[in-house]
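**Student:** Provided below are the primary sequence and the corresponding predicted coordinates.
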Amino acid sequence: MNIETAVGNTPMVNIGRIYAKLEYLNPSGSIKDRAVKAILSNAEAKGLLTRGMTLVECSSGNTGVSMAMLGAKKNYGTICIVPKTTSIVKIKLMQLYGCGIIYVKNMKEGLELLNKSFSDKEKYYRLHQFEDIYNVHGQENMAIEAYIQMHPHLPDAVVAGMGTGGTLRALDNVFRVLNPSIKLFTVRAGQRGIEGICDGIDLHLSPTYEPKEVEVSHSTAVCSAKVLAKNYGINAGLSSGANFYVAKIVARRYKRVLTVFPDNAMRYLNELSS
Ligand SMILES: Cc1ncc(COP(=O)(O)O)c(C=O)c1O
């Protein structure tokens with residue numbers, strides 16, 4: 001086993017009617033290890049990513065950490081362009097894996113810099129997580145594991161916050177064929193936002209199955225993550241808290257609700273310990 005093969009096979013816990021995949025137990029601490037692993041493996045198989053190239057991405061979050069971890073394992077240089085608002089814990093983690101950091105004002109400036117300075121396709125490999133369907137394929141492995149772990153039962157509803165939409169699309173892809181009436185729910189972050197959940201266009205979302213949105217404020221996500229830690233010993237982050245909050249509402253109506261806990265509490269200790 002090496003650290004790349006340690007991605008996936010995460011446990012599932014159930015809290016009453018809620019079944020949660022503990023994705024924060026992936027090697028770099030988040031669900032994004034699956035997406036980045038699948039994106040890189042596909043690029044290598046197609047010859048788009050070869051020895052000596054540098055991985056580069058504009059990310060304020062877990063994708064950058066996963067890229068840094070897998071880049072270190074696979075001997076690629078890594079550069080992450082990060083908006084100034086990026087949490088210091090994630091930046092330090094990326095640096096620990098040897099990733100170079102370039103600070104920009106915001107994502108828009110980051111994307112401009114990517115296009116201007118990293119367009120040489122022989123030198124740099126960009127992850128394009130919003131567009132690359134292998135993001136979804138990576139998460140489909142997670143959905144298949146969930147299917148096996150819930151067997152012989154199937155979920156009636158699924159809850160997942162959306163960043164790229166990869167997680168929700170993958171769950172839909174796997175479970176809709178098994179249970180065509182499955183319901184999808186997602187998180188709409190309040191004004192202050194919740195890291196990992198964005199209001200962007202979710203290119204990965206299937207146009208046929210729009211999820212129902214439930215608004216969750218930042219403070220509700222914090223309270224809910226604290227409940228996970230204090231009542232259940234689950235060390236999960238803020239989007240997990242938000243997913244848990246929505247899953248509890250959904251579980252009043254549906255018998256089995258599948259959700260994910262995308263990253264760990266260590267990334268948000270400042271907010272969770274106050
Ligand atoms: C903490 C966290 N929660 C949720 C998500 C959403 O996942 P997806 O991009 O698959 O929609 C992400 C994505 O980066 C994340 O980092």
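**Tutor:** Sure, I can see it. Just so it is clear, the model here is predicted, and its values are computed rather than measured. Numbering: from 1, shown residues only.
**Student:** rest of the way, CA atoms for contacts and neighbours
**Tutor:** OK.
**Student:** residue 129: neighbour count?
**Tutor:** 23 (other CA atoms under 10 Å).
**Student:** pretty sure it contacts residue 163?
**Tutor:** No: applying CA atoms under 8 Å, one finds residue 129 not in contact with residue 163, separated by 10.0 Å.
**Student:** doesn't residue 2 fall inside a helix?
**Tutor:** No: assigned with DSSP: H, G, I helix; E, B strand; the rest coil, residue 2 falls outside any helix and is coil.
**Student:** tell me the domain ranges of this protein?
**Tutor:** Per automatic domain parsing, the domain ranges recorded for the chain read 12-25+136-272, 34-126.
**Student:** does the ligand sit close to the first one?
**Tutor:** Yes: using CA under 6 Å from any ligand atom, domain 12-25+136-272 reaches the ligand at 161-167, 195-197, 239, 262-263.
**Student:** and the strands in the stretch 1-150 of the chain?
**Tutor:** Assigned by DSSP state E, counting those that start in this stretch, the strands in the stretch 1-150 of the chain fall at 12-15, 18-21, 54-58, 77-83, 100-104, 124-126.
**Student:** rewinding a little: please identify which of the domains of the chain is closest to residue 1.
**Tutor:** Counting by CA to CA, residue 1 lies closest to domain 34-126 out of the domains of the chain; the figure is 12.4 Å.
**Student:** from residue 265, how far out is residue 233?
**Tutor:** To residue 265, residue 233 is 11 Å away according to CA to CA, to the nearest Å.
**Student:** before we move on, back to that, ok, so of the residues of domain 12-25+136-272 next to the ligand, who is nearest residue 123?
**Tutor:** Closest to residue 123, out of all of the residues of domain 12-25+136-272 next to the ligand and judged by CA to CA, is residue 164, at 25.6 Å.
**Student:** which phi and psi values does the closest one adopt?
**Tutor:** phi -90, psi -20 (degrees, to the nearest 10).
**Student:** and if you look at the one 3 residues further on?
**Tutor:** Here is the backbone geometry of residue 167 (degrees, to the nearest 10): phi -60, psi -50.
**Student:** and it, how many neighbours?
**Tutor:** Neighbours of residue 167 (other CA under 10 Å): 30.
**Student:** with residue 22 instead?
**Tutor:** By the measure other CA under 10 Å, the count of residues near residue 22 is 26.
**Student:** find the nearest non-adjacent residue to it, please.
**Tutor:** Using CA to CA, 6 or more residues apart in numbering and skipping the chain neighbours, the partner closest in space to residue 22 is residue 261 (5.3 Å).
**Student:** tell me the pLDDT at that neighbour?
**Tutor:** Note for residue 261: predicted pLDDT of 98.
**Student:** that one touches residue 234, doesn't it?
**Tutor:** No: using CA under 8 Å, residue 261 is not in contact with residue 234; the gap is 9.3 Å.
**Student:** quick one: which of the two has more around it?
**Tutor:** residue 261 (28 against 19).
**Student:** got a list of what the more buried one touches?
**Tutor:** Residues near residue 261 by CA atoms under 8 Å, 6 or more residues apart in numbering: 20, 21, 22, 23, 24, 236, 237, 239, 240, 241, 243.
**Student:** in the stretch 101-250 of the chain, where is pLDDT below threshold?
**Tutor:** 199-203, 205-208 (pLDDT under 70).
**Student:** returning to what we had before: just the buried subset of the residues of domain 12-25+136-272 next to the ligand, written out for PyMOL, thanks.
**Tutor:** To isolate the buried ones among the residues of domain 12-25+136-272 next to the ligand in PyMOL, judged by 16 or more other CA atoms under 10 Å, type:
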select buried, resi 161+162+163+164+165+166+167+195+196+197+239+262+263
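**Student:** residue contacts, the closest residue to residue 167 other than its chain neighbours?
**Tutor:** Distance criterion CA to CA, 6+ apart; nearest residue to residue 167, sequence neighbours excluded, is residue 139 at 5.6 Å. By CA under 8 Å, 6+ apart, the contact list for residue 139 reads 34, 35, 166, 167, 170, 171.
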